[in-house]
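Q: Structure for the following, please:
(one chain, ligands or ions: 1)
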Amino acid sequence: MTFKDLRGETLSTVHAASAMAYDHTLDLLNSFRADPLAAITPVLAQDPDFISGHLLLAGMMLGTYDPNMNAPALASLDNAAASALAPTAREQSLHAALRAWADGDMIGGSRRLDRHLIDHPRDLLALQLAHTADLALGYTTMLRDRIARALPAWSESDASYGYVLGMQAFGLEECFAYDQAEEVGRRAVSLQPHDTWAVHAVAHVCEMQGRADDGIQWMNETRGAWEANNGLAVHNHWHLALMHLSRGEHAAALALYDKAVAPAPTALALDLADASALLWRLVMRGVDVGPRWLSLAQRWRTQGVFGAVGFLDVHAAISLAAAGDREGMAQLMRAGADAAARPGAFAEWSAVAMPASEAITAMVAGEHTRCLDLLMPVLPVAQALGGSHAQRDLLTLTAQEAAQRGGHHALASALKSQRQVHHLPFTPQRSAVLSRASRRAISLA
Ligand SMILES: [Fe+2]
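A: Have a look, this model is predicted:
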């Protein structure tokens, strides 16, 4: 006997209660509400043959983007394989994708999820995980296009439709379709008020367009959904702090760091990245952040994830360099060199993470020209690092600040202009104005 989830996907279990728990746990995961782990763990203890339950547990671990979670994810996949029940074709296919990812091959896992979703576009766990991998791998257009592929299989009558729209909103935002992204994101939140990924997508639109006032209002309006007991609480506080920074409200940003971004005992690696990025942005603005770097650098060391994810390594490098932790930085660079030498290594270390980490070290040492020499070649290929435009903006910001402090004023001005390229909507009217201005400039030349 089998049961189906709310989207009609077959789940291998003989217990109706397990199927209900699957839907509840996936809803928690979709909205990043805590604690999906606590929701599914007792169910699996009661029903160890529940294949989709084990896959859900493995998926939520991998979706944290924390390399420390790979081993427990593999254990969950082993439990799924040991089930006395026969897996469905969907479960077999998803299992293979998650195993590749948990083995450290996120690209291979992503490729398998890519095919899996063509056959199973209503597998919401797979869709969310593929979306997460797209973000981690820097597959920017796939953040939009993967959701576009799946959408025809969904309708407003689906209870989880809002979550699909939330992912679509973020994909549209990362592909610079800001008006569409904001419209879809706000609609997603109206359907699912606790969809903090959709809240986050609208926050990104405001960040990219320099609309700090709108962004702060939006975050306050939706605060109840994301502020506490949510997997995106740290990251959404980070976004709110960036909005305050853009208004020059340094004390407010620092207060948000102390209140909600500084690593809690349960913080994952991505939380440490947000903490590093916020302190670095404050320092770039000349703010003294006191001893905060020391505790953050120590936390990076104990997290022990160097050389596993380039995006994390760059943020660890920021913290280690700023704290003056030379031994920690040496460990990180050795791990990065090993990662770059791995067969089939992605360009994230050789082309981005390692030179960017050296550039950060040079910046801290006051070697601004050396920082620029290392960092300027990174900027065109920074997408290989993964993450969002707003997160990778940290590298361009660092180059801008190095140029300013090093007396390279034309470069500093150009980089500032580059960072503000999206601050006005590129409407047809504006395009016409720019075109007229361009023709006038040519006629004057
Ligand atoms: Fe974000």
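
Q: Buried residues in the host helix or strand of Asn79, which are they?
A: Asn79 belongs to helix 70-81 when elements are defined using DSSP states H and E. Across helix 70-81, burial judged by 16 or more other Cβ atoms under 10 Å covers Asn70, Ala73, Leu74, Ser76, Leu77, Asn79, Ala80. Just so you know, the C-beta spots here come from the backbone N, C-alpha and C atoms, and that holds for glycine as well.

Q: For burial, what's the neighbour tally of the residue nearest to the third one when sequence neighbours are not counted?
A: Setting aside the residues directly before and after it, Leu74 is nearest to Ala102 in space (Cβ to Cβ, 6 or more residues apart in numbering), at 4.7 Å. By other Cβ atoms under 10 Å, 23 other residues sit near Ala102.

Q: Count the neighbours of the closest residue to Tyr178 other than its chain neighbours for me.
A: Spatial nearest neighbour of Tyr178, excluding adjacent residues (Cβ to Cβ, 6+ apart): Val205 at 5.0 Å. Using other Cβ under 10 Å, the number of residues around Val205 comes to 26.

Q: Next: the one 3 residues further on.
A: As a burial measure, Met208 scores 22 neighbours (other Cβ under 10 Å).

Q: Not counting its neighbours along the chain, what's nearest it?
A: Distance criterion Cβ to Cβ, 6+ apart; nearest residue to Met208, sequence neighbours excluded, is His422 at 4.7 Å.

Q: rewinding a little: tell me the one of the buried residues of helix 70-81 nearest Gln303?
A: Among the buried residues of helix 70-81, Asn70 lies closest to Gln303 (Cβ to Cβ), at 13.8 Å.

Q: what's the nearest residue to the closest one once chain neighbours are set aside sitting at in phi/psi?
A: Of all residues not flanking Asn70 in the chain, Ala102 sits nearest, at 5.0 Å (Cβ to Cβ, 6+ apart). Dihedral pair for Ala102: phi -70, psi -30, per degrees, to the nearest 10.

Q: Just confirm Ala102 contacts Asn68, I think it does.
A: No - Ala102 lies out of contact with Asn68 (Cβ atoms under 8 Å); the separation is 11.9 Å.

Q: and the helix holding Asn79, how far out from the chain's middle?
A: Counting by Cα atoms, centre = their mean, to the nearest Å, helix 70-81 is centred 23 Å from the centre of its parent chain.

Q: Repeat that for stretch 176-184.
A: Counting by Cα atoms, centre = their mean, stretch 176-184 is centred 18 Å from the centre of its parent chain.

Q: again, but for stretch 6-17
A: Relative to the centre of its chain, stretch 6-17 is centred 30 Å away, using Cα atoms, centre = their mean.

Q: In it, which residues are buried?
A: Leu6, Arg7, Glu9, Thr10, Leu11, Ser12, Thr13, His15.

Q: Widest-spaced pair of those residues?
A: By the measure Cβ to Cβ, Arg7 and His15 form the most distant pair in the buried residues of stretch 6-17, at 18.9 Å.

Q: pLDDT weak spots in the chain?
A: For the chain, the stretches with pLDDT under 70 are 1, 344-346, 424-445.

Q: how close does the residue most central in space within it get to Glu174?
A: Nearest residue to the geometric centre of the chain (Cα atoms, centre = their mean): Gly387, 5.0 Å. According to Cβ to Cβ, to the nearest Å, Gly387 and Glu174 sit 10 Å apart.

Q: tell me the SS of the residue nearest to the centre of the chain?
A: Counting by DSSP: H, G, I helix; E, B strand; the rest coil, the backbone at Gly387 sits in coil.

Q: what sits against it?
A: Counting by Cβ atoms under 8 Å, 6 or more residues apart in numbering, Gly387 touches Leu135, Ala136, Gly138, Phe311.

Q: Roughly how far does the closest residue in space to Leu6 that isn't next to it in sequence sit from Pro36?
A: Excluding its sequence neighbours, the residue lying closest to Leu6 (Cβ to Cβ, 6+ apart) is Asp23, at 5.0 Å. Using Cβ to Cβ, Asp23 is found at 12 Å from Pro36.

Q: Between those two, which is the more surrounded one?
A: Neighbours per residue, other Cβ under 10 Å: of Asp23 and Pro36, the larger number sits with Pro36, 23 against 18.

Q: tell me the contacts of that one?
A: Residues in contact with Pro36 (Cβ under 8 Å, 6+ apart) are Thr25, Leu26, Leu28, Leu29, Leu56, Met60.

Q: and the two most separated of the residues you listed?
A: Based on Cβ to Cβ, the longest span within those runs between Leu28 and Leu56 and measures 10.3 Å.

Q: neighbour-wise, which of those two wins?
A: Leu56 (27 against 21).

Q: a helix runs through the more buried one, doesn't it?
A: Yes - residue state for Leu56 (three-state DSSP) corresponds to a helix.

Q: need the contact list for it.
A: Per Cβ under 8 Å, 6+ apart, neighbours of Leu56: Tyr22, Thr25, Leu26, Leu29, Pro36, Ile40, Leu125.

Q: Would you tell me what helix or strand the closest residue to the fifth one other than its chain neighbours is located in?
A: Spatial nearest neighbour of Pro36, chain neighbours left out: Leu28 (4.2 Å); criterion: Cβ to Cβ, 6+ apart. Secondary structure assigned from DSSP H and E places Leu28 in helix 16-30.

Q: Buried residues, that helix. List them.
A: Here helix 16-30 shows Ser18, Ala19, Ala21, Tyr22, Asp23, Thr25, Leu26, Asp27, Leu28, Leu29, Asn30 as buried, counting by 16+ other Cβ under 10 Å.

Q: Equivalent analysis for stretch 57-73, please.
A: 57-67, 69-70, 73.

Q: Tell me which residues are up against that stretch.
A: The contact list for stretch 57-73 (Cβ under 8 Å, 6+ apart) reads 29, 36-37, 40-41, 44, 74, 76-77, 80, 94, 98, 101-104, 109, 125-126, 128-129, 132, 136, 268-270, 303-305, 308-309, 312.
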